[in-house]
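Participant: Take this sequence and fold it.
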Amino acid sequence: MIEYRRARLSDTEDILRLINYYAEKGLMLPRTRSTIYEGIREFIVAEKDKQIVAVGSLHIIWEDLAEIRALAVDEKCQGRGIGRQLVYLLLQEAAELDCPEVFTLTYQVKFFQHLGFKLIDKEKMPHKVWKECINCVKFPNCDESALIIKLKEDRSRYGT
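Facilitator: Down below sits the predicted model:
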């Protein structure tokens, strides 16, 4: 059985391991231990048999925009709906905060489209979205896709 919960400081090493595993494959931005500690309140984890098997975070950008980032599911647990449930929990949190839009930068376009996100032109995103991109090895030639979901169009889906 999978338990979803807010991350704890004691989860930092497992979160770091999962994220940086995919970062080494070039599939997401690497994180440092200090950035995990600083942002620990943004993370939700999925735990199975007392092991962290997935993680995701909701980062507030501005009064009307948040980002789902650092979404990672252990390879052995993929295809079981764990990532989908994490995204739903993060969208529910955004809706509870009255944040009308949530975006993501990703290589997993079909996954997010299946959850209701729509492809958008990255160039149309506000500049404040790109503040962390300066640390990316792919900057300024980002090849991720931007997707967005407007929560007010389907608030009931996320529990508000």
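
Participant: so what's residue 125 up against?
Facilitator: By CB atoms under 8 Å, 6 or more residues apart in numbering, residue 125 lies in contact with 103, 146. The C-beta positions use only the backbone N, C-alpha and C, and glycine is treated the same way.

Participant: Then residue 70?
Facilitator: By CB under 8 Å, 6+ apart, the contact list for residue 70 reads 15, 19, 28, 29, 31, 43, 55, 56, 57.

Participant: Likewise for residue 24?
Facilitator: residue 30.

Participant: Which SSE is immediately downstream of the longest helix along the chain?
Facilitator: Secondary structure of the chain per DSSP state H: the longest helix is helix 82-96. Next in sequence after helix 82-96, counting helices and strands by DSSP states H and E, comes strand 101-106.

Participant: Let me know the angle separating that next one from helix 82-96.
Facilitator: Here strand 101-106 runs at an angle of 150 degrees relative to helix 82-96 (axes from the mean of the first three to the mean of the last three CA atoms, to 10 degrees).

Participant: can I get the contacts of residue 70 in TSV with neighbour count, distance to residue 145 and secondary structure?
Facilitator: Converted to TSV, the contacts of residue 70 look like this (neighbours: other CB atoms under 10 Å; distance: CB to CB, whole Å; DSSP: H, G, I helix; E, B strand; the rest coil):
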residue	neighbour count	distance to residue 145	secondary structure
15	26	24	helix
19	24	19	helix
28	23	13	coil
29	20	14	coil
31	22	20	coil
43	24	23	strand
55	25	21	strand
56	26	17	strand
57	24	19	strand
